[in-house]
Structure formats: structure tokens, C-alpha cells
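> Got a predicted structure plus its sequence, pasted below:
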Amino acid sequence: MDPLLGVKIGCLAGLLVVPLLCGLIPAQIQWFQINMARGKHRRVLSIIGCFAAGVFLGACIMHMVADALGDIKEEIEKRQHLGAVNATSEGGDSEGYPFGELVISFGFFLVFFIESVVLSCCPQSVHAHGDPEAHNDPKAAPESHSSFRAFVLFLSLSFHSVFEGLAIGVQKEETGAVQLCLAVLIHKAIVAFSLALKLVQSGTQARWRLLYLVVFALMSPVGIAIGIGVSLSNGDGSGLAQAVLEGVAAGTFLYVTFLEILPSELRSHENPLIKFVFIGFGFSSMALIAIWA
């Protein structure tokens, strides 16, 4: 077997097993059930939730948005260089137009529109996968996380994971593949834990949590497999289409991060300074990982 191919297969296995194990910790252990927590237990869970919120904020800005903007810009410049897209025309100069930001904004408004339609047509559907007890407790409903937004969070993270795996699969050197894999592995392990915590907080039923986590864990290996296939076939992988789709995924994640995750943690009763510290700590962990990713 080609040594490079062996390294990529090892990366595939690691990115399947480790995030799944990290995700199962809050998903399967009752200690993380928010509705069971009281006193110090609840304060600790709130601090963990703030750290997870910082992780999602960092993943959003330092990884998903940054990657999408970079990839879209690279693909546009590539086509400008080849003459497929004219940088200037008789009508004016389009070189500086923020196409990446436009695509990300489209993803943001797409989720905004879908959620608005869902809420207008069926107000109770935001708890479609939620814990039945949440429906019976009028005090719990305002505080509970939207299961719809938890589902969107899962989709956007899963979609981004495919591109992370794809980047590993197309590497041409063993060192580059291992270095990128380690950065993605640390990033995805922390995000898997945070995702599982949010699914628990949203009241998502156990069978759905397990399904979401298994699918999420599979996405990076699927991306690696696709990247291996692309590298073996010497194809270009339709780079512009991939960059646009990644931008849409970043926009959906931006929506959930700023309209669901951060507000839900900031309205808790803990000390605001403590919340700031742990949100900043979670963000910093993603910022550090971005050095190697």
C-alpha cells in the first residue's frame, strides 16, 4: 500500500472514532441533563455551556467563515486568471465585490426564511424532536433551545466536516496530511462534545442525538474518502461549487451561533464576568487550532 494512502486511511479512522466518543460523553451521561441539575451542578453545566458557546463562536468565525471566504476568493481569482470571469467590464469594476460575504449572507437568510415559514405554519414544530416533558412544562418552554435550530446546527457542522475531510484527502504529502488531521481531530473532538451538549440542552430525544452524532462523526471520513478519490483520479473536484456550498453552510452556522447559542448562554443567571471568561476560553481554543488548520 502507498504510504500516503495508508496515512489517509489512518486519519479517516481517527476522525471517525475520536469525535464519536467525545460526543457520546454528554449525550449518554445523565449528569449533563440540564433539567436534572440544581445548585452547584447547574452552575458547572452553565460554565461548560459557555465554553461550548465560545467553541461555536470560534468555529464560526475562525474556521467556517474564514475557510469559505478564502475558498470563494481563491476560486474567483482562479477563473479571472483563466479568463472565465472578467475582473472589469465596460459597466465598471467588479473585482472588489464581496461575493464571499454575499454567499454567506444567503446561507444566513436561507435558515432565517425556513425558520420563519416553520414558525408561521406550525408554531409547535420547533420542538418536533424534543422531550415530551418540555411540552407539559410552561416554565421550561421559553428556556428550551429550539430543536429546529439544533438540527440546523447539526447540518451545518456536518456539511463543514465534509470539506475538512476533503482537505485531508487531497493532501500530496504525508506530513501535510498528518498535521492537518491532528488540527481537525482536536477541533472536531471539541465541537462534537459541544454539539452533543447542545442537543441535550435542546431536549432532543436520545435516539435522535445518537443518530446526529453518528452522522456527524461520519462526515469527515466521507470527505477524506472523496478527497482520496479526487487525488487518485487527478480531478479538480468542482472547486467553485464546493466553495459556494461551504459559504452557504457558514451562513447557516452564523445564524445559529448568534441567534441561538450565544443568547441562550448569556441569559443564564451566572456571573456575567464568568460567562465572558469561559466563552472567551472556548473561542481562544478554536483560534489556536486555526494556527495549524
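Okay, I see it. Residues are numbered from 1 along each chain as shown.
> wait, doesn't residue 188 sit right on residue 162?
No. Using CB atoms under 8 Å as the test, residue 188 is too far from residue 162 to be in contact (11.7 Å). To be clear about C-beta, it is placed using only N, CA and C from the backbone, and glycine gets the same treatment.
> Compare these two and say which one has the larger neighbour count.
Set residue 188 next to residue 162 and count neighbours by other CB atoms under 10 Å: residue 188 wins out with 29 against 22.
> That one: helix or strand, and which one exactly?
Secondary structure assignment for residue 188, by DSSP states H and E: helix 174-201.
> ok so, going back, between residue 188 and residue 162, which contacts overlap?
residue 220 (CB atoms under 8 Å, 6 or more residues apart in numbering).
> circling back: moving C-terminal of the helix holding residue 188, what's the next helix or strand?
helix 206-233.
> Next, the angle helix 174-201 makes with that next one.
160 degrees (axes from the mean of the first three to the mean of the last three CA atoms, to 10 degrees).
> Residue 51 belongs to a strand?
No. Residue 51: not assigned to a strand; according to DSSP: H, G, I helix; E, B strand; the rest coil it is helix.
> I'd say it and residue 281 touch.
Yes. In this structure, residue 51 is within contact of residue 281 by CB under 8 Å, at 5.9 Å.
> neighbour count winner among those two?
residue 51 (23 against 15).
> give me every residue that touches residue 14.
181, 185.
> tell me which element it falls in.
Using DSSP H and E, residue 14 falls in helix 3-28.
> And that helix, what's buried?
For helix 3-28, the buried set under the neighbour-count rule, 16 or more other CB atoms under 10 Å, comprises 4, 7-8, 11-12, 14-16, 18-20, 22-24, 26-27.
> re the thing from before, what's the overlap in contacts for residue 51 and residue 281?
With CB under 8 Å, 6+ apart, residue 51 and residue 281 have no common neighbours.
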